[in-house]
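J.: coords please:
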Amino acid sequence: MTDPKPIACTLGTSQLRQRLDEIAALGAERLLGHELEDGAHTLRFRRDDRTRRQLEEIVAAEARCCPFLDLSLGERDGELVLALDAPIEGRAVADELAKAFLAKR
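T.: Here you go, the predicted model:
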């Protein structure tokens, strides 16, 4: 049996603020839409190489600091789609991350 991933972020305050600012800037520039269903977020973005690279970097960075988050990047209908979910105990963190993408819209 494997141990569950701890519900904790390993970023310090200034690192977290910088990450959230970067996410907000990307959302302001490239986010097309957001849906929330059963606690899971779906964020849709313009499909281009720069946006894909930035989203891939965010997914990788979040996997390191918040391994309990379930993030996946794909494509659908000509858009980049970021799926974001977490166990119930980590939903507040997932909600805050999704909110960061929406912050400057």
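
J.: Which parts of the protein are helices?
T.: If DSSP state H is used as the criterion, the helices of the chain fall at 13-30, 49-65, 91-102.

J.: For these, give me CSV that also has mean pLDDT and mean neighbour count.
T.: Backbone N, C-alpha and C define where each C-beta goes, glycine included. Converted to CSV, those look like this (pLDDT from 0 to 100; neighbours: other CB atoms under 10 Å):
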stretch, mean pLDDT, mean neighbour count
helix 13-30, 89, 15
helix 49-65, 94, 14
helix 91-102, 94, 18
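
J.: Please name whichever of those is nearest to His41.
T.: Evaluated with CB to CB, those place helix 91-102 nearest to His41, the distance being 4.1 Å.

J.: Can you give the contact residues for that closest one?
T.: By CB atoms under 8 Å, 6 or more residues apart in numbering, the surrounding residues in contact with helix 91-102 are 7, 9, 20, 23-24, 26-27, 31, 34, 36, 39, 41, 43, 62, 66, 68-69, 84-86.

J.: re earlier: could you export the helices of the chain as TSV, including distance to Glu75?
T.: Output for these, formatted as TSV (distance: least, CB to CB, whole Å):
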stretch	distance to Glu75
helix 13-30	14
helix 49-65	9
helix 91-102	17
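
J.: Arg46 bridge partners, please.
T.: Assessed by DSSP bridges, Arg46 has beta-bridge partners Glu79.

J.: coming back round to it: from the contacts of helix 91-102, list the buried ones, please.
T.: Restricting those to buried positions leaves 7, 9, 20, 23-24, 26-27, 31, 34, 41, 43, 62, 66, 68-69, 84-86, with burial counted as 16 or more other CB atoms under 10 Å.

J.: Would you check that Arg30 makes contact with Arg46?
T.: Yes. Counting by CB atoms under 8 Å, Arg30 does reach Arg46; the two are 4.9 Å apart.

J.: May I have stretch 29-39 as PDB, with CA atoms only?
T.: Presented in PDB, the C-alpha positions along stretch 29-39 are these (Å, rounded to 0.1, in the frame of the first residue of the first chain):
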ATOM      1  CA  GLU A  29      -3.700  36.900 -21.800                       C
ATOM      2  CA  ARG A  30      -4.700  33.400 -22.900                       C
ATOM      3  CA  LEU A  31      -7.600  32.000 -20.900                       C
ATOM      4  CA  LEU A  32     -10.800  31.500 -23.000                       C
ATOM      5  CA  GLY A  33     -13.000  29.900 -20.400                       C
ATOM      6  CA  HIS A  34     -13.400  28.000 -17.200                       C
ATOM      7  CA  GLU A  35     -15.900  25.400 -16.000                       C
ATOM      8  CA  LEU A  36     -16.300  23.800 -12.600                       C
ATOM      9  CA  GLU A  37     -18.000  20.500 -12.300                       C
ATOM     10  CA  ASP A  38     -18.100  18.300  -9.200                       C
ATOM     11  CA  GLY A  39     -15.200  20.200  -7.700                       C
END
